[in-house]
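Visitor: Next input, structure requested:
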Amino acid sequence: MTARQEAVPTPARPGPAPAATARAWAGLDPCVHCGFCLPACPTYEATADEADSPRGRIVLMRALAHAGLAAADPSLGTHLDRCLGCQACETACPSGVSFGPALEEARARIAAARGSAPALDTALWVLARPERQRFLWLLGRLARATRLPEVLARGAGRPGASAGRPALALAMLAASRPAGGAAGGDGAAPAPTGEVALLWGCVMAGLFGHVHAATVRTLAVNAVAVRAVPGQVCCGALAAHAGRARLARQLARANVLAFDAAAPDLPVVVDSAGCGAAMRAYGEWLADDPLAERAAALASRVRDVTEVLAARGPRRAGPLPIRVAYDAPCHLHHAQRVTTAPLTVLAAIPDLELVPLEGSDRCCGSAGLYALSQPELSLQILDAKLAAIAACHPDVVATGNPGCLMHIGAGALLADLHVALRHPVELLDRAYRGGGTARRGGSGAAA
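Guide: Numbering: from 1, shown residues only. Down below sits the predicted model:
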């Protein structure tokens, strides 16, 4: 029986499992309302509203969990909807508060109480299965190849409330376009001495296949082969962030079965920070599921691609004379606590100048579907990131998450900021394949 044919076990009970719920709420217990989290929170900085701070949201979530606050309460929904889920508050917290799981639990209750937005449910339904996505991604790739989304987005104006969702969505699609121009020949690949499995994902597979290709090539140069995993699906991150816990767990179970069938005991490499954080949470998501032990084992095998490359050296590349600013994806830096591996990858490229980026560990405002559900606040948060980028004058901003690549790239496009957005493995792959110089020509520039 193949991974696709194997039946997915039905959860023991619908909705959030009680034990997992208790653990999520217990993660808030260490909070003593000290306020160290306040300056780390981008939404509190933007609104100056205590209810939009981690401390204020913890008060609301505790009231939901223990004091009878209704999940349908409009204020609860408003302030939790505004949360980016970046988990910077966890990094800043001296008491060890676990904010992320409680936020997902609260959002699941809110979604169940106030009903589903049809557009969101449709989007998540499409992303849940690869066969449903193919036509959508084909249209997206064809559209961005014409550069029409870029033209239409530029015509809508600079970032701000006036840009709105349509212009932002078009600019994000334009920003996903691969670098132009072909590099030299592939880097020489030694005989593999290691093997990994690769999460293909949904947005990554549909719009960032070029990043997957760079991942496979850079791993090969470092003697790591990639095994195919049929039957895998979306990681479930977008569903979890949107409060669709049941769908997120359904996707997690399908991936556990697929990876166990095709690549048991192999490391699972992920080149999307959000997907990596989600897969590392499978043990918690499925803690009360028949697949609990297998889910926890899979979660323990998840590695960001930069971790694997850094552990391998990585092999030194050819020169690439460009200025690069590294922006740390929240779900890599704060959720997974992977901080140095991407810098190790970039340091393997001779003549690459790494320039400091102020606030590189702060959220850009992407946060999955947040940029489309909260466009004004998202763009307000993005303004600070764009200002920091403009101040350090890089040729390229490197970041390891598709949402960040598209959101910062969209902002750069709308602000006419001439900087390219690239995944770190794209730059290493470029250097392995002959190098070259970045052309400063907007978010779609070659690098």
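
Visitor: The nearest residue to residue 136 once chain neighbours are set aside: how many residues sit nearby?
Guide: Leaving out its chain neighbours, the residue that sits closest to residue 136 by C-beta to C-beta, 6 or more residues apart in numbering is residue 126, at 6.1 Å. Heads up, the C-betas are built off the backbone N, CA and C, glycines and all. For residue 126, the neighbour count with other C-beta atoms under 10 Å is 15.

Visitor: Residue 99 too?
Guide: Residue 99, neighbours per other C-beta under 10 Å, totals 25.

Visitor: what's near enough to touch it?
Guide: 27, 28, 54, 57, 58, 87, 89, 90, 93 (C-beta atoms under 8 Å, 6 or more residues apart in numbering).

Visitor: So the fourth one is in contact with residue 51, correct?
Guide: When you say that, I think you mean residue 57. Yes: judged on C-beta atoms under 8 Å, residue 57 makes contact with residue 51 at a distance of 7.1 Å.

Visitor: Nearest spatial neighbour of residue 308, chain-adjacent residues omitted?
Guide: Distance criterion C-beta to C-beta, 6+ apart; nearest residue to residue 308, sequence neighbours excluded, is residue 269 at 5.7 Å.

Visitor: for the stretch 151-300 of the chain, what are the low-confidence residue spans?
Guide: The stretch 151-300 of the chain contains residues with pLDDT under 70 at 156-164, 180-188.

Visitor: about what we covered before: so which bits of the host helix or strand of the residue nearest to residue 136 are buried?
Guide: If you go by DSSP states H and E, residue 126 is part of helix 118-127. Neighbour-count burial for helix 118-127 flags 120, 123, 124, 127 (criterion: 16 or more other C-beta atoms under 10 Å).

Visitor: Return the item of those having minimum pLDDT.
Guide: Ranked by pLDDT, those bottom out at residue 120 (83).

Visitor: so how far is residue 233 from residue 131?
Guide: Look at residue 131 and residue 233: by C-beta to C-beta, to the nearest Å, they are 10 Å apart.

Visitor: neighbour-wise, which of those two wins?
Guide: Of the pair residue 131 and residue 233, residue 233 is the one with more neighbours under other C-beta under 10 Å, namely 22 against 6.

Visitor: Strands of the stretch 101-250 of the chain, residue ranges please.
Guide: 194-198, 224-227 (DSSP state E, counting those that start in this stretch).

Visitor: Can you check which of these gets nearest to residue 406?
Guide: Nearest to residue 406, of all those, is strand 194-198, at 20.6 Å by C-beta to C-beta.

Visitor: just to revisit the earlier point, can you redo the strands of the stretch 101-250 of the chain as a markdown table with mean neighbour count?
Guide: Below are the strands of the stretch 101-250 of the chain laid out as a markdown table (neighbours: other C-beta atoms under 10 Å):
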| stretch | mean neighbour count |
| --- | --- |
| strand 194-198 | 19 |
| strand 224-227 | 18 |
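
Visitor: Output the ones you listed as JSON lines; include the columns distance to residue 111.
Guide: Output for these, formatted as JSON lines (distance: least, C-beta to C-beta, whole Å):
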{"stretch": "strand 194-198", "distance to residue 111": "31"}
{"stretch": "strand 224-227", "distance to residue 111": "36"}
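
Visitor: For residue 374, find the nearest of these.
Guide: Nearest to residue 374 among the strands of the stretch 101-250 of the chain is strand 194-198; the distance by C-beta to C-beta comes to 31.5 Å.

Visitor: List of residues touching the closest one?
Guide: Residues outside strand 194-198 that contact it (C-beta under 8 Å, 6+ apart): 212, 215-216, 219, 223-227, 229, 259, 262-263, 266-271, 303, 308, 312.

Visitor: can you give me the helices for the stretch 1-150 of the chain?
Guide: According to DSSP state H, counting those that start in this stretch, the stretch 1-150 of the chain carries its helices in the segments 18-26, 42-47, 54-66, 74-81, 88-92, 99-114, 118-127, 130-146, 148-155.

Visitor: how about those, which one is nearest residue 432?
Guide: Shortest distance between residue 432 and those, using C-beta to C-beta, is found for helix 130-146: 24.9 Å.

Visitor: Give the buried residues for that closest one.
Guide: 130, 133, 137, 140, 141, 143, 144.
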